[in-house]
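Engineer: here's a sequence, model it:
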Amino acid sequence: MTNAYREDFPILLQDDTIYFDNAATSQRPRQVTEAMRYFDENCNANPMRGLYRWSIEATERYEQARADAAELIGAADSREIVFTRNTTESINLAAYSWALHNLKEGDEIVVSVMEHHSNLLPWQMAARQTGAKLVFLEPEPDGTLTEQEITSKITEKTRLVAIGHVSNVMGVTNPVKLIAQTAHKAGALVLVDGAQSTPHMQVNVQELGADFYAFSGHKMLGPMGIGVLYARKELLEEMPPFLSGGEMIEYVSRESATYAEIPHKFEAGTVNASGAAGLSAAIRYLKNVGYDTIREREECLTARLMEGLRGLPYITIYGSEDPKKHCGIVTFNIEGCHPHDVASVLDTENVAIRAGHHCAQPLMKFLGVGSTARASLYFYNTEEEVDRFVEKIGKVRGWLGY
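Structural biologist: Predicted coordinates for the structure are as follows:
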């Protein structure tokens, strides 16, 4: 089946590489690189710091990106959007600026065993420094979180629930709305790691009940080095800055400073304005494709991939048996073959997948493995690529001498 979107991705047209590492980084359409090139060639100046034409246009494009991000995830106000470098920095901002100033000994932070390290290590840090305790949601073998598990772990001691919207290993979509309702009844806040959901599904942070929501540009067709933290306005207004320096101030004396209004008090120093322009273009591209189209394409490809792998008796697939519950992520192991060897030998065949613990070592322990191989799909991948991939997977054991 022809995939017209591939014409927009120069890197996919260079050779016959099968790129199945989209959960790590998606490829960029030419519309994104052209938007960044326009910024660099026509208005490369510091936003918000100059009264000349280039700086004014840079400011307009930077703030338009903020408005685009707010609209994409259903934020009530564009001032609830803080630009960061990536999801990791967004979560750290919440940990340092909110958690360290609001948690105390005896409080509990609820996370799941499936969390990416980026949504675990900041809370380990916060727990150590405040005396709070981490409580873990334990999933079922297919990665699902039951209502009983959620309601039993979120209690009156819970102050924060930090949950991935979609697991970067299992591909399972967590019941964030139920988690948020349960947390709010207990008086707790909810932070959602949206790195794996924002590229693949329509998100509305208000409907989800997210108090904080984090995502990265580079996983959703945008450039590296630009990320977003959404937080409710009243939370941002109460939180102190994460970093101090230029641009995030209103007035500075020898002894003190008055911070700028939100969101600028969280964006110290020279910002990644070119990256914001690229993110804005990526958001427009995603809207033009449409999340319904993205979902249909991914479900079709995932079903085809899982059916092909199931035909090989030495393959173990992790997660649900339903391809629709994988969000384009298929994590597997080949009996007798180390995932790193699998990825290395596939590279010689121009196939790019991810192998390792995927920054989710507690989940690896839960699954009873040290590492896995992961193929992650996006709407610009093709049925022909899936078929070639399965064919090559069928030869891996022979190539490795098994």
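Engineer: tell me which residues in stretch 388-402 are buried?
Structural biologist: Of the residues in stretch 388-402, R388, F389, V390, K392, I393, G394, V396, R397 count as buried by neighbour count, 16 or more other Cβ atoms under 10 Å. Heads up, the C-betas are built off the backbone N, CA and C, glycines and all.
Engineer: not counting sequence-adjacent ones, nearest residue to the first one?
Structural biologist: Computed as Cβ to Cβ, 6 or more residues apart in numbering, the closest residue to R388 that is not its neighbour in sequence is I18, at 6.2 Å.
Engineer: now do the second one
Structural biologist: The shortest distance from F389 to any non-neighbouring residue, by Cβ to Cβ, 6+ apart, is to I18 (5.6 Å).
Engineer: roughly how far does the residue most central in space within the chain sit from T87?
Structural biologist: Closest to where the C-alpha atoms of the chain average out (Cα atoms, centre = their mean) is A195, at 0.9 Å. As judged by Cβ to Cβ, to the nearest Å, A195 and T87 stand 4 Å apart.
Engineer: overlap in contacts, the two.
Structural biologist: By the contact definition Cβ atoms under 8 Å, 6 or more residues apart in numbering, A195 and T87 are jointly contacted by S118, A214, F215, S216.
Engineer: out of those, who's the most crowded?
Structural biologist: Scoring the shared contacts of A195 and T87 on neighbours with other Cβ atoms under 10 Å, the highest-scoring entry is A214 at 32 neighbours.
Engineer: what pairs with the helix or strand containing that residue, parallel or antiparallel?
Structural biologist: Per DSSP states H and E: A214 is located in strand 212-216. Here strand 212-216 has these sheet partners by DSSP bridges: strand 189-193 (parallel), strand 227-231 (antiparallel).
Engineer: now it, how far from the centre of its chain.
Structural biologist: Put simply, strand 212-216 sits 7 Å off its chain's centre (Cα atoms, centre = their mean, to the nearest Å).
Engineer: who touches it?
Structural biologist: In this structure, residues lying in contact with strand 212-216 by Cβ under 8 Å, 6+ apart are 73, 84, 86-87, 90-91, 94, 98, 189-195, 197-198, 203, 205, 222, 226-231, 235.
Engineer: mean pLDDT for the strands paired with strand 212-216 - can I get that in a markdown table?
Structural biologist: A markdown table is the format used below for the strands paired with strand 212-216 (pLDDT from 0 to 100):
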| stretch | mean pLDDT |
| --- | --- |
| strand 189-193 | 98 |
| strand 227-231 | 98 |
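Engineer: closest one to G106 among those?
Structural biologist: Among the strands paired with strand 212-216, the nearest to G106 by Cβ to Cβ is strand 189-193 (16.7 Å).
Engineer: buried residues, the helix or strand just after the closest one. List them.
Structural biologist: Counting by DSSP H and E, the element after strand 189-193 in chain order, helix or strand, is helix 205-208. Within helix 205-208, the residues scored as buried using 16+ other Cβ under 10 Å are V205, L208.
Engineer: and for stretch 267-282?
Structural biologist: For stretch 267-282, the neighbour count (16+ other Cβ under 10 Å) marks 267-268, 271-282 as buried.
Engineer: count of neighbours near the residue lying closest to A360 once chain neighbours are set aside?
Structural biologist: Distance criterion Cβ to Cβ, 6+ apart; nearest residue to A360, sequence neighbours excluded, is V169 at 5.1 Å. Neighbours of V169 under the rule other Cβ under 10 Å: 26.
Engineer: before we move on, back to that, now, which of the buried residues of stretch 388-402 lie within strands?
Structural biologist: Within the buried residues of stretch 388-402, no residue falls in strands by DSSP state E.
Engineer: what about the residue nearest to the centre of the chain, distance to M220?
Structural biologist: A195 is 9 Å from M220, by Cβ to Cβ.
Engineer: wait, R159 sits on E108?
Structural biologist: Yes. Here R159 lies in contact with E108, judged by Cβ atoms under 8 Å, at a distance of 6.6 Å.
Engineer: which residues do those two both contact?
Structural biologist: Contacts common to R159 and E108, judged by Cβ under 8 Å, 6+ apart, are A132.
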